[in-house]
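Peer 1: no letters, just coordinates:
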């Protein structure tokens, strides 16, 4: 199931890239109409305050817009999230370390530079059983409007 989810995520990303290229061209033009009213947003992750969360881990919400929400999680050695179900699709990008990811009824170890897809309304969880920190970028699409269900 996990392999199928990764394939589905890759297909979705390729579709998005193909659409962007066909709609906007490979390189966007310098047409001011394309950039009118847009300002560059830069967020330094370490400057973002930790958010309270039911998992008790370092969670920093770095991006929250209508179409997506991104959070950086840091799990210290021995930390684990509570098993939960998110109402939207989620993908995880491992920034640092290695950990155990649980998606549905599958568990596997993943390491830095791995992407894991978790479909909407499927149980998932992370465990750091290593002796080093585990940092994960969590991207939820679209931004959730319903609550996560904690188990």
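Peer 2: Happy to help now that I have it. All figures in this text were calculated on a predicted structure; none of them were measured in a lab.
Peer 1: which other residues reach stretch 124-136?
Peer 2: Contacts with stretch 124-136, where a contact means C-beta atoms under 8 Å, 6 or more residues apart in numbering, come from 72-86, 90, 92-104, 118. Placement of C-beta: from N, CA and C, glycine included.
Peer 1: which of these are buried?
Peer 2: Buried by 16 or more other C-beta atoms under 10 Å: 72-75, 79-81, 86, 90, 92-95, 97, 99-103, 118, out of the contacts of stretch 124-136.
Peer 1: mind listing the helices for this structure?
Peer 2: 2-24, 32-35 (DSSP state H).
Peer 1: and those helices, which one's lowest on average pLDDT?
Peer 2: Ranked by mean pLDDT, these end with helix 2-24 at the bottom, a mean of 48.
Peer 1: low-confidence ranges in this protein?
Peer 2: 1-35 (pLDDT under 70).
Peer 1: just the strands in it please.
Peer 2: If DSSP state E is used as the criterion, the strands of the chain fall at 58-65, 68-75, 84-85, 89-96, 98-103, 106-111, 115-118, 123-127, 134-141, 149-150.
Peer 1: let me have those in JSON lines, extended by distance to residue 51.
Peer 2: What follows is the strands of the chain, written out as JSON lines (distance: least, C-beta to C-beta, whole Å):
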{"stretch": "strand 58-65", "distance to residue 51": "5"}
{"stretch": "strand 68-75", "distance to residue 51": "8"}
{"stretch": "strand 84-85", "distance to residue 51": "15"}
{"stretch": "strand 89-96", "distance to residue 51": "16"}
{"stretch": "strand 98-103", "distance to residue 51": "20"}
{"stretch": "strand 106-111", "distance to residue 51": "24"}
{"stretch": "strand 115-118", "distance to residue 51": "20"}
{"stretch": "strand 123-127", "distance to residue 51": "16"}
{"stretch": "strand 134-141", "distance to residue 51": "12"}
{"stretch": "strand 149-150", "distance to residue 51": "16"}
